[in-house]
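Colleague: Sequence plus the predicted model coming up.
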Number of protein chains: 2
Amino acid sequence: MTIPDELSDIDALAQLSFVVQQKLQRRVSGHDLSMIQIRLLGVLRDRHPTMKELGALLDLDKSSVSGLVVRAEQRDLVSRETDETDRRVIRVSLSPMGRRLVTEVSTGFDEDMNELLSPLSAADRRRLTGLIGRILPSQ
Amino acid sequence: MTIPDELSDIDALAQLSFVVQQKLQRRVSGHDLSMIQIRLLGVLRDRHPTMKELGALLDLDKSSVSGLVVRAEQRDLVSRETDETDRRVIRVSLSPMGRRLVTEVSTGFDEDMNELLSPLSAADRRRLTGLIGRILPSQ
DNA sequence: TATTGTTATACTCTATAACTATA
DNA sequence: TATAGTTATAGAGTATAACAATA
């Protein structure tokens, strides 16, 4: 939360997470998107979920999903199709424009992360990845 | 942005940052605060900034700072005092309640981070902190 | 005139509750 | 009745532009 001079392990984690989020935020803002919109587009890259599934994926109320998807549709980032087997259900897909945007943001973010990691040798990058892999929720 | 099975170094950083932010978000929500509110309270722990300085610290427009501080003041989290040497200037301080809340969130977050780091030995924690310290912006 | 901060306005994002359509 | 989704409403959070007070 704060940024002390002496770096404790907890502060290191906290600061790192803020730096990473900040880099992503910059990329997202640069494409006139919000964080929740890029999460929506990211989720849709390899899925065609229903509105309800989207709510679970994004941890949002169904009414919030409705608004989010409507605004994204108005910007031609996603499209909605009624499921023919159950006409209550609506499935959401990425539009070509949405796919282009999420790809651009993702590419830019990868550049940012590579730049962030540039002080480390390949071996140290592997060590860092290994250590992080051990503390991430194992699936 | 997504969560692949094979952990690249970039994905490791991205996932880690999301996990850390998620833990913080949980703590913050548990105290009925927002992320920007806890950032405000965190900034005020060791500062009595002016509204303008707050805007720079939080990267917000002055009008956004006004609203944020007004709402925090209404919840008795902060107080505002006119600077007597320049009566255009307003300085913002943490209230006792605000200090209590930010301390509780901070303590809880520290617990979360210690739990997250628990798979690592003390030596590995030091290695991780060292590696992160080398990639964080040097000030 | 310049600076500091507030206010008016507009939009996104979010949730709760009430609603519609379909099953 | 139950489920999927939308709509009405309310509030936080954000920025831009216009404004007031002070320097």
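Modeller: The structure has been received and is ready for your questions. Residues are numbered from 1 along each chain as shown, chains lettered A, B, ... in the order given.

Colleague: Low-confidence bits of chain A, can you list those?
Modeller: A:1-6, A:139 (pLDDT under 70).

Colleague: So which residues of it form helices?
Modeller: Taking DSSP state H, the helices of chain A run over residues A:9-30, A:35-44, A:51-58, A:62-74, A:96-117, A:122-135.

Colleague: how about CSV for these, with mean neighbour count and distance to DNA strand C added?
Modeller: Placement of C-beta: from N, CA and C, glycine included. Output for the helices of chain A, formatted as CSV (neighbours: other C-beta atoms under 10 Å in any protein chain shown; distance: least, C-beta to the nearest atom of the strand, whole Å):
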stretch, mean neighbour count, distance to DNA strand C
helix A:9-30, 19, 9
helix A:35-44, 21, 4
helix A:51-58, 17, 7
helix A:62-74, 15, 3
helix A:96-117, 17, 13
helix A:122-135, 17, 26
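
Colleague: Columns distance to B:E73 on top of those helices, output as CSV?
Modeller: Below are those laid out as CSV (distance: least, C-beta to C-beta, whole Å):
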stretch, distance to B:E73
helix A:9-30, 26
helix A:35-44, 27
helix A:51-58, 32
helix A:62-74, 28
helix A:96-117, 37
helix A:122-135, 39
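
Colleague: what about the residue most central in space within chain A, distance to A:N114?
Modeller: Closest residue to the average C-alpha location of chain A: A:R39 at 4.0 Å, with C-alpha atoms, centre = their mean. Per C-beta to C-beta, to the nearest Å, A:R39 is found 22 Å from A:N114.

Colleague: phi, psi of A:D61?
Modeller: Note on A:D61: its backbone torsions stand at phi -60, psi 150 [degrees, to the nearest 10].

Colleague: That one - how many residues pack around it?
Modeller: When neighbours are counted by other C-beta atoms under 10 Å in any protein chain shown, A:D61 registers 10.

Colleague: do A:L120 as well
Modeller: Burial of A:L120 is recorded as 17 neighbouring residues (other C-beta under 10 Å).

Colleague: show me what contacts it?
Modeller: Applying C-beta atoms under 8 Å, 6 or more residues apart in numbering or on different chains to A:L120 gives the contacts A:L128, B:L131, B:R134, B:I135.

Colleague: from those, which single one is nearest A:Q25?
Modeller: B:I135 (18.0 Å; C-beta to C-beta).

Colleague: between the contacts of A:L120, which is nearest A:D83?
Modeller: A:L128 (43.8 Å).

Colleague: roughly how far apart are A:S138 and B:L7?
Modeller: Counting by C-beta to C-beta - A:S138 and B:L7 are separated by 11 Å.

Colleague: These two: which is more packed in?
Modeller: B:L7 (15 against 7).

Colleague: The more buried one against A:G133, yeah?
Modeller: Yes. B:L7 is in contact with A:G133 according to C-beta atoms under 8 Å; the separation is 5.1 Å.

Colleague: ok, residues contacting stretch A:28-40?
Modeller: A:24-25, A:41, A:54, A:58, A:60, A:68-69, A:71-72, A:77-78, A:101-102, A:104-105, A:108, B:1.

Colleague: now A:G67: how far from A:D76?
Modeller: From A:G67 over to A:D76 (counting by C-beta to C-beta), the distance is 17 Å.

Colleague: cool, A:S95 as well?
Modeller: From A:S95 to A:D76 the distance is 6 Å (C-beta to C-beta).

Colleague: between the two, which one's more packed in?
Modeller: More crowded of A:S95 and A:D76, by other C-beta under 10 Å: A:S95, with 17 against 11.

Colleague: quick one: contacts for the more buried one?
Modeller: A:S95 is in contact with A:D76, A:L77, A:V78, A:S79, counting by C-beta under 8 Å, 6+ apart.
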